[in-house]
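Asker: with the sequence up front, the predicted model follows.
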Amino acid sequence: PLFTHTFIVTGYSVFGCSRNDTITVNVVPKVKVTAGADTGFCRGGNVQLKATPTGTSVVSWYPNYKISSTTSTQPVVNPDVDTTYYVVVNNGICSDTARVRVSVWEYPVAYAGTDATICNGDSVQLNATGTGTVQWIPAAGLSNSAILTPYAKPSVTTDYILKLSSLHGCESFDTVRVNV
């Protein structure tokens, strides 16, 4: 049935005797839960998950690994490795499960190269290494602040900071000094 209903059952014996009994079928709302899109964070950080259950339900997350609360609808997790978390909702009769994958993103390794000394008016090529989006800070005195090997021609001794950003926004920094 689509709603709570009481049924009457009548049974007959071979001698023609009858007996009635009733049974009530309680229909409870179906529960449903979503856990959101797969997500991630830069190593050492954390991310907040969000379970969205329908109706009044008890929430349970598993595994119980690096999670702030297994019974919250919005726990914070900080696993050391990529982990799939499952959320189960239960209203005492019906249940539903959803999953969300949490990735742990690595930081790029930034190496700005070795310090250099130049004469005023000269330039030196910086020899940085690493992967990701490149940004040198400050950009002043550089031939190109968005590549790993720009030419530097500062008028005064300058510390150039190499900032590398990964596809997921994890950032690493290193510094090289050009002495004038």
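Answerer: Received, thanks.
Asker: can you tell me the closest non-neighbouring residue to the spatially most central residue of the chain?
Answerer: Centroid-nearest residue in the chain, with Cα atoms, centre = their mean: Gly40, separated by 2.6 Å. Of all residues not flanking Gly40 in the chain, Ser103 sits nearest, at 3.4 Å (Cβ to Cβ, 6 or more residues apart in numbering). Placement of C-beta: from N, CA and C, glycine included.
Asker: for the one you found, grab the count of nearby residues.
Answerer: Look at Ser103: counted by other Cβ atoms under 10 Å, it has 14 neighbours.
Asker: what's near enough to touch it?
Answerer: The contact partners of Ser103, by Cβ atoms under 8 Å, 6 or more residues apart in numbering, come to 38-41, 82.
Asker: from those residues, which would you call buried?
Answerer: Among the contacts of Ser103, the ones that count as buried by 16 or more other Cβ atoms under 10 Å are 40-41.
Asker: ok so, going back, now do the residue nearest to the centre of the chain, the pLDDT please.
Answerer: Per-residue pLDDT puts Gly40 at 97.
Asker: equivalent analysis for Pro1, please.
Answerer: Pro1 is given a pLDDT of 63.
Asker: Lys163 and Asn144, how far apart?
Answerer: In this view, Lys163 and Asn144 are 14 Å apart by Cβ to Cβ, to the nearest Å.
Asker: between the two, which one's more packed in?
Answerer: Legend: neighbour count by other Cβ under 10 Å for Lys163 and Asn144, higher for Lys163 (19 against 12).
Asker: you'd agree the more buried one is up against Gly169?
Answerer: No: the pair Lys163 / Gly169 is not scored as a contact, 11.8 Å apart, by Cβ atoms under 8 Å.
Asker: excluding its backbone neighbours, what's nearest Thr133?
Answerer: Ser165 (4.4 Å).
Asker: now do the contacts for that neighbour.
Answerer: 108, 132-133, 135, 171.
Asker: what about His55, distance to Thr24?
Answerer: Actually, residue 55 is Gly rather than His. 21 Å.
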